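A.B. asks: Got a predicted model here, sequence first, then my questions.
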Amino acid sequence: MIGTRKSDGKLPATVITGFLGAGKTSMIRHLLKTANGRRLALIINEFGDLGVDAEVLKSCGIEGCAEGDVVELANGCICCTVADDFVPTMEALLARPEPPDHIVIETSGLALPKPLIKAFNWPEIRTRVTVDGVIAVIDGEAVAAGRFASDPAAVEAERRADQTLDHDSPLEELFEDQLACADLVVLNKTDLLDERTLARVCAELGGRLRREVKLIRAAHGAIDASVLLGLDAAAESDLDARPSHHDGAGDHDHDDFTSFTVYFDEVSAPEPLIARLKAAAAAHDILRIKGFVAVAGKDMRLVVQGVGARFSHYYDRDWGAEEPRASRLVVIGETGLDQAAVTTAIVG
């Protein structure tokens, strides 16, 4: 049976990590569809002030996925707000008259997984919950394009401009930390790669993983709950085996990244907006754009998801009777992103 409790009676929790746009939310949707009657509680943490992923999951319409089972933590990175947000949320779930059978935690794409795993040793929850496994979702197409590999020429140019620079890029560190903490790595979006490229990416990732960590392939996050849940890793008990760039560094912040929300009226059609978003992402090196858009003449809300220059959009549900038909998109990038220029480029 998937997601069964360990012999010590602790409630299993699965942490799903991965960079922006890797496909974590798509994976959770498929997990819900294949849960086979298990009661799952979801904790969704996002970087930014608009909870897009939680909204998408709340409106998924999947049997067994009630709105009350989706808890959103939008007050900052979950690994930085353990005492204020994460621990109280876990305590509330455990105090329910009918607790869940399994807790699934989706971190933001900018979260360091190891501090979150450490939080399971807090006195309030360590005797009641265990980390069944840490799953890292990887964007196969991005890795194939070298998006997470350091560019030696660019690093050298930055070093010449700033003599204090002596570290890897923030994105590279996040990527490596997510891989180093994982019990299972899912190489997603393999349908976008040819066999030769796929073999190269698998070999590259395999060389970065701990010996006991498995690498599996997926398209559209379609991995059944029977594979994702029940790893029985007790990850909180072997933290020393999960190295991090931030070990011994104390608390960290996210000064390397910034996010803001762009608000605008309804658009006449999706296509011109998507074209503007692609142009803005390329011109300003935007990491992620996601949110909801009102389209003239359409009763349904348009969901927009973009990573780099790749965008997707679909209608998910009708606008609510008391819900304002207003478009809003979260933009995430590295510090220094020109909010005014990006807003102008998006709104047109």
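C.D. replies: Cool, got the structure. What you see is a predicted model; the values in this text were computed from it and never measured.

A.B. asks: When you work out contacts or count neighbours from here on, use the C-alpha atoms and nothing else.
C.D. replies: Noted.

A.B. asks: just the strands in this protein please.
C.D. replies: 11-18, 40-45, 70-73, 102-106, 129-139, 184-188, 214-217, 257-264, 288-293, 300-307, 310-318, 327-334 (DSSP state E).

A.B. asks: who wins for proximity to residue 243 among the ones you listed?
C.D. replies: Set against residue 243 and scored by C-alpha to C-alpha, the strands of the chain come closest in strand 129-139, at 13.7 Å.

A.B. asks: neighbouring strands for that closest one, and are they parallel or not?
C.D. replies: strand 11-18 (parallel), strand 184-188 (parallel) (DSSP bridges).

A.B. asks: what sits up against that strand?
C.D. replies: Among residues not part of strand 129-139, those counted as contacts by C-alpha atoms under 8 Å, 6 or more residues apart in numbering are 10-19, 21-24, 117, 120, 178-179, 181-189, 228-236.

A.B. asks: May I have it exported as CSV, CA atoms only?
C.D. replies: Taking Å, rounded to 0.1, in the frame of the first residue of the first chain, the C-alpha atoms of strand 129-139 are listed here in CSV:
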residue,chain,number,x,y,z
VAL,A,129,5.8,13.0,11.4
THR,A,130,8.6,11.6,9.3
VAL,A,131,9.9,12.6,5.9
ASP,A,132,9.0,9.7,3.7
GLY,A,133,11.1,11.0,0.9
VAL,A,134,12.4,14.1,-0.9
ILE,A,135,11.6,14.2,-4.6
ALA,A,136,13.4,16.6,-6.9
VAL,A,137,11.7,17.4,-10.2
ILE,A,138,14.0,18.4,-13.0
ASP,A,139,13.2,20.2,-16.2
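
A.B. asks: That strand: which residues count as buried?
C.D. replies: Judged by neighbour count (16 or more other C-alpha atoms under 10 Å), strand 129-139 contains these buried residues: 129-139.

A.B. asks: What ranges does the stretch 1-150 of the chain have for its helices?
C.D. replies: Along the stretch 1-150 of the chain, counting by DSSP state H, counting those that start in this stretch, helices occupy 24-33, 52-58, 87-94, 113-119, 140-144.

A.B. asks: what's the shortest one packed up against?
C.D. replies: Contacts defined by 3 or more C-alpha pairs under 8 Å, 6 or more residues apart in numbering; DSSP states H and E place helix 140-144 against helix 195-206.
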